[in-house]
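Colleague: Only the shape, not the letters, is given here:
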């Protein structure tokens, strides 16, 4: 038996319960791992609240990224050994001390990357990788806008985009968050509580606007995000922390400059093993070289997951947070 955080009924942070669960032994193609650190993401709140339906229904164990040690391997898993450090991202199941997981979803953690860093960056870092490298391939000279600049994805994306040669504009909601984002690669920051971000983007760019907008906020930044794009620019909606974007007429994209719009998902981008390995390798490379600094700003015990969710939804966190089993 081991401990896990589970959801038996959808609702607020209070529905997260800390309880004993049976883990079992690995079957063919599986690995039993013992977590050393677990990532905390806004996506976790969507499954907890029921905004995103859990594929297997209730009860569910939230959590989409973690790092740990291999305890035991099932038949056919000959490339992993007990004691090796591994990390992963999956939609659900990470809020626990131990778990069984398919071996082909795991990657080895290289030297120079800590377990806490790996747990804090797998989902967020590989999200930044596919956004910058595949959804819209950022190149030198591009101008980008990233909402929630002081969030977990934002801080990684800002550093990485600057390394790629882009001019990086971000939005955040407080002076502290502005300062944090500025220290993580952003060239220009807009406090959306004090200023209209559309007008500020127009001024910053001299009216040229942005090549791409990365938007994880949703309802509160739409359709303003579209007004920050140059003709034929791309709107990338990859989250909805303020609520979902309401339905809109596709003609709006034409009216605002023949814009492109997409709603991508990390798990589609890493569904193939070769894509998972390529994305993880790219992330590990920029982190180990110091191009991207993974700073963990909040740590909670696994048993304090409800408090962690309350802080996350109350916008009382910055950057990356982790749970410690």
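Modeller: Received the coordinates, thanks. Treat the numbers as computed from the prediction; the structure is a model and nothing was measured.
Colleague: does the residue nearest to residue 313 when sequence neighbours are not counted sit in a helix, a strand or a coil?
Modeller: Nearest residue to residue 313 in three dimensions, chain neighbours excluded: residue 45, at 5.8 Å (CB to CB, 6 or more residues apart in numbering). The way it works is simple: take the backbone N, C-alpha and C, and place the C-beta from them, glycine included. Residue 45 falls in the helix class when you classify it by DSSP: H, G, I helix; E, B strand; the rest coil.
Colleague: and this structure, what are its domains?
Modeller: The record assigns the chain these domain ranges, following automatic domain parsing: 2-122+267-324, 140-263.
Colleague: Can I get these in CSV including mean pLDDT, distance to residue 131 and mean neighbour count?
Modeller: Below are the domains of the chain laid out as CSV (pLDDT from 0 to 100; distance: least, CB to CB, whole Å; neighbours: other CB atoms under 10 Å):
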stretch, mean pLDDT, distance to residue 131, mean neighbour count
domain 2-122+267-324, 96, 9, 18
domain 140-263, 96, 6, 19
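Colleague: Can you lay out these as CSV showing distance to residue 129?
Modeller: Converted to CSV, the domains of the chain look like this (distance: least, CB to CB, whole Å):
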stretch, distance to residue 129
domain 2-122+267-324, 5
domain 140-263, 8
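Colleague: rewinding a little: residues touching the residue nearest to residue 313, list them.
Modeller: By CB atoms under 8 Å, 6 or more residues apart in numbering, the contact list for residue 45 reads 51, 309, 312, 313.
Colleague: And the last one, how far from residue 110?
Modeller: Residue 313 sits 33 Å away from residue 110, taking CB to CB, to the nearest Å as the criterion.
Colleague: ok, so what distance separates residue 253 from residue 60?
Modeller: With CB to CB as the criterion, residue 253 and residue 60 are 36 Å apart.
Colleague: Check residue 296 too.
Modeller: Counting by CB to CB, the separation of residue 296 from residue 60 is 25 Å.
Colleague: And residue 232, by the same measure?
Modeller: 41 Å.
Colleague: go on, residue 20?
Modeller: According to CB to CB, residue 20 stands 16 Å off from residue 60.
Colleague: Next: residue 148.
Modeller: For residue 148, the distance to residue 60 equals 25 Å [CB to CB].
Colleague: Repeat that for residue 246.
Modeller: Counting by CB to CB, the gap between residue 246 and residue 60 amounts to 27 Å.
Colleague: now residue 177
Modeller: Counting by CB to CB - residue 177 and residue 60 are separated by 31 Å.
Colleague: Which two among the contacts of residue 45 are spaced furthest apart?
Modeller: The two members of the contacts of residue 45 with the most space between them (CB to CB) are 51 and 312, at 14.0 Å.
Colleague: Tell me the helices and strands packed up against the helix or strand that contains residue 305.
Modeller: Residue 305 is located in helix 305-313, with elements delineated by DSSP states H and E. Secondary-structure packing of helix 305-313 (3 or more CB pairs under 8 Å, 6 or more residues apart in numbering; DSSP states H and E): strand 16-21, helix 42-49, strand 296-301, strand 320-324.
Colleague: Show me the strands in the stretch 201-325 of the chain, by range?
Modeller: According to DSSP state E, counting those that start in this stretch, the stretch 201-325 of the chain carries its strands in the segments 210-215, 229-237, 260-262, 296-301, 320-324.
Colleague: which residues sit against the helix holding residue 305?
Modeller: When contacts are taken as CB under 8 Å, 6+ apart, the neighbours of helix 305-313 outside the stretch itself are 5, 12-14, 16, 18, 40, 42, 44-45, 48, 62, 95, 298, 300, 317, 321, 323.
Colleague: before we move on, what about stretch 107-127?
Modeller: Outside stretch 107-127, the residues that reach it (CB under 8 Å, 6+ apart) are 35-39, 41, 43, 64-68, 80, 84-89, 152-153, 156, 238, 266, 269-270, 276-277, 279-280, 283-284, 287-288, 292, 294, 296, 320-322.
Colleague: Okay then, goodbye and thanks.
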